[in-house]
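[1] Dropping a prediction and its sequence here:
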Amino acid sequence: MRIRTGIALVFLAALTFVAAEDGNSKESVIEQLVVETLVKPETCKITSETGDTLQIHYTGRLMDGKVIDSSLSREPLVVELGKRSVITGLEQALVGLCEGQKIKATIPAHLAYGKRGFPPTIPGDSTLEFEVEVISLYQKTLWQKLVNDILPLLCLALVPTLLGLVGLYLYNKAQAQPHGKKKSKDKKSKKK
């Protein structure tokens with residue numbers, strides 16, 4: 001438990017805030033993901049990892065405070081970490097969290113919507129700020145690991161093998177055809 005918490009703290013510490021002054025403006029530009037813990041439960045038995053499923057409530061804002069999206073009026077958003085169902089920066093911010101934890105993630109443009117943005121709501125090169133609450137956390141089960149990790153690799157190996165066996169079967173079938181039938185068909189066509 002202490003090791004996992006320590007790893008999470010090192011991970012969060014590694015994602016430090018880097019600000020750079022733009023030559024033409026006084027606004028600071030966020031270069032890296034910044035994750036700030038707002039509320040952390042007293043007991044944290046399990047932290048989220050890639051493959052886990054989280055139910056979250058979130059509010060996304062531009063840096064000027066304009067709300068771009070929120071799940072507070074809807075059902076919680078279900079996110080399976082590693083499936084890229086949310087923007088990269090948000091998915092990275094969700095790793096290492098506990099059930100009941102609230103965070104504020106400041107996500108640079110390159111980990112959000114990039115230079116294109118998401119018109120008309122999100123302009124290009126926009127840094128986003130998300131407040132997220134983890135409602136529930138479901139760890140990846142052994143069955144999910146089997147289906148998501150091992151089965152695709154097994155299929156990658158089986159498909160060429162099956163295609164090779166079908167090809168071998170067709171080749172052997174073509175080679176085993178009696179040559180006498182071909183000659184008898186030729187004689188019948190000559191008689192006509």
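    Yep, it's here.
[2] for this structure, what spans make up the helices?
    Assigned by DSSP state H, the helices in the chain fall at 2-14, 88-93, 142-145, 151-175, 179-191.
[3] Give me the contacts around the shortest one.
    Residues from elsewhere that reach helix 142-145 (C-beta atoms under 8 Å, 6 or more residues apart in numbering): residue 51. Glycine gets a C-beta too; all of them are placed from N, C-alpha and C.
[4] Then the second one?
    Helix 88-93 is touched from outside by 15, 33, 35, 58, 79, 81-82, 84-85, 103, 105, 107-108, 111-112, 128, 130, 132, with contacts defined as C-beta under 8 Å, 6+ apart.
[5] Any quick PyMOL command for the buried ones out of those?
    Selection of buried members from these for PyMOL, criterion 16 or more other C-beta atoms under 10 Å:
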select buried, resi 15+33+35+58+79+81+103+105+107+108+111+112+128+130+132
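[6] Okay, now the unreliable bits of this structure?
    Flagging of the chain using pLDDT under 70 yields the residue ranges 1-29, 179-192.
[7] mind running it again at 80?
    1-30, 144-149, 177-192 (pLDDT under 80).
[8] Check the offset of stretch 158-172 from the chain's centre.
    35 Å (C-alpha atoms, centre = their mean, to the nearest Å).
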